[in-house]
Structures are given as structure tokens and as C-alpha cells.
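Engineer: Next one to model:
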Amino acid sequence: FFFPTTAPTAASLQAQHPSFCSVPIHPYPHPHAHPYAHHAMTTSAVTSEEPAPEDWKVQRDEHKAKADAAFRGGAYQTAIDEYSNAIALDPDFIVAYSNRSAAYLKNSEKSKALKDANKIIELDPAFAKGHSRLAAALHALTRYRPAKDAYEKVLELDANNAVAR
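Structural biologist: Residues are numbered from 1 along each chain as shown. Take a look at the predicted model:
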């Protein structure tokens, strides 16, 4: 066996292993990000390829903008995929869940729309649009009584909501 007489330096390790970094890298782009969201971002800080910590918001908003454009164009599956990408970067992004719920409804995926609506309400029970999404999904599933209750909750939170009236 051969044992080196000196410990390797950061520079020598960097030369042998370009992905080596002597500075600890936070594994996730956002504290609530999906555990596997960092896989695409585990490159070395030494090579300046890793996005800055605040870049997750920029990336999230880019996915949302692409999703919004796809939704307006009637490409509902693309919108769903892009909203899902935004949610992967920020699992507490209520607007993405809300918009994805609407996209699921347009794509005739009623149960998935309901699941997202429930997630919105779980994240923020006072968000009237979340209850509106819940009511729309329940109505699409022909669950009329719970849909009516959800619309009443919308009016309780936002008395001027035209959709719930």
C-alpha cells in the first residue's frame, strides 16, 4: 500500500476532481424545496456554475411566466408541467397551486384540481381564491353541496367576489 506523506490540498483536489469544493454548499435552493430539486444544482461553487441562493425565486418565477403563457394559449399540459416546476422550487408557492388547479380543471383532471385546491387552503386558509378553486373542482366533480359550502366560504372571506355570487 502507498500512503502519501502529505495531505492533499484543496487546489490539488480541485485539479483532480473538478467538482470538488472546499466551501460547504447548501444542498437546496430554498429551505422548503423538494429534496431532489438540488440534483441539477450540485456543481461546484469554484466553477461559478451554481446559482446564487436567491436564483431559486428567479427560476420559480420564470416557470410561472411560461406556465401562464401556456395556459393563455390553451396548452394546459405544458402549463401544468411548468407550474409543477415552480412548485418543485418553492413548495409553498400558493399562486402556482392555484393556477395549476385551474389548468387541471381545463385539462379535465378534476381530482388533481381538487388536490391542489386543498393544498392551497392548507397553506393559507384565508386565501379566498383557494376556496374558489376548491368550489370549482367540487362542482366539476358533481359534489354540489360541498361546492356550495366552499362558495359560501369565499363570500365570507371576500363579500365582493363575483364568481361566488
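Engineer: rest of the way, CA atoms for contacts and neighbours
Structural biologist: OK.
Engineer: count of residues packed around residue 54?
Structural biologist: Residues contacting residue 54 under the criterion other Cα atoms under 10 Å number 10.
Engineer: Show me which helix runs longest in the chain.
Structural biologist: What stands out as the longest helix in the chain, according to DSSP state H, is helix 55-72.
Engineer: by contact count, what packs against it?
Structural biologist: Judged by 3 or more Cα pairs under 8 Å, 6 or more residues apart in numbering; DSSP states H and E, helix 55-72 is in contact with helix 76-89.
Engineer: still on that earlier bit, show me what the longest helix of the chain is in contact with.
Structural biologist: When contacts are defined by Cα atoms under 8 Å, 6 or more residues apart in numbering, helix 55-72 is touched by residues 29-30, 76, 78-83, 85-87, 89-90, 96, 103.
Engineer: cutoff 7 Å now
Structural biologist: Applying Cα atoms under 7 Å, 6 or more residues apart in numbering, the external contacts of helix 55-72 come out as 29-30, 76, 78-80, 82-83, 85-86, 89, 96, 103.
Engineer: Make JSON lines out of those residues and add pLDDT, distance to residue 125 and neighbour count.
Structural biologist: Formatted as JSON lines, these follow (pLDDT from 0 to 100; distance: Cα to Cα, whole Å; neighbours: other Cα atoms under 10 Å):
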{"residue": "29", "pLDDT": "50", "distance to residue 125": "26", "neighbour count": "22"}
{"residue": "30", "pLDDT": "51", "distance to residue 125": "23", "neighbour count": "19"}
{"residue": "76", "pLDDT": "98", "distance to residue 125": "26", "neighbour count": "23"}
{"residue": "78", "pLDDT": "98", "distance to residue 125": "28", "neighbour count": "18"}
{"residue": "79", "pLDDT": "98", "distance to residue 125": "25", "neighbour count": "27"}
{"residue": "80", "pLDDT": "98", "distance to residue 125": "23", "neighbour count": "25"}
{"residue": "82", "pLDDT": "98", "distance to residue 125": "25", "neighbour count": "24"}
{"residue": "83", "pLDDT": "98", "distance to residue 125": "21", "neighbour count": "29"}
{"residue": "85", "pLDDT": "98", "distance to residue 125": "24", "neighbour count": "21"}
{"residue": "86", "pLDDT": "97", "distance to residue 125": "21", "neighbour count": "28"}
{"residue": "89", "pLDDT": "96", "distance to residue 125": "22", "neighbour count": "27"}
{"residue": "96", "pLDDT": "98", "distance to residue 125": "16", "neighbour count": "27"}
{"residue": "103", "pLDDT": "98", "distance to residue 125": "21", "neighbour count": "29"}
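Engineer: Perfect, that will be all.
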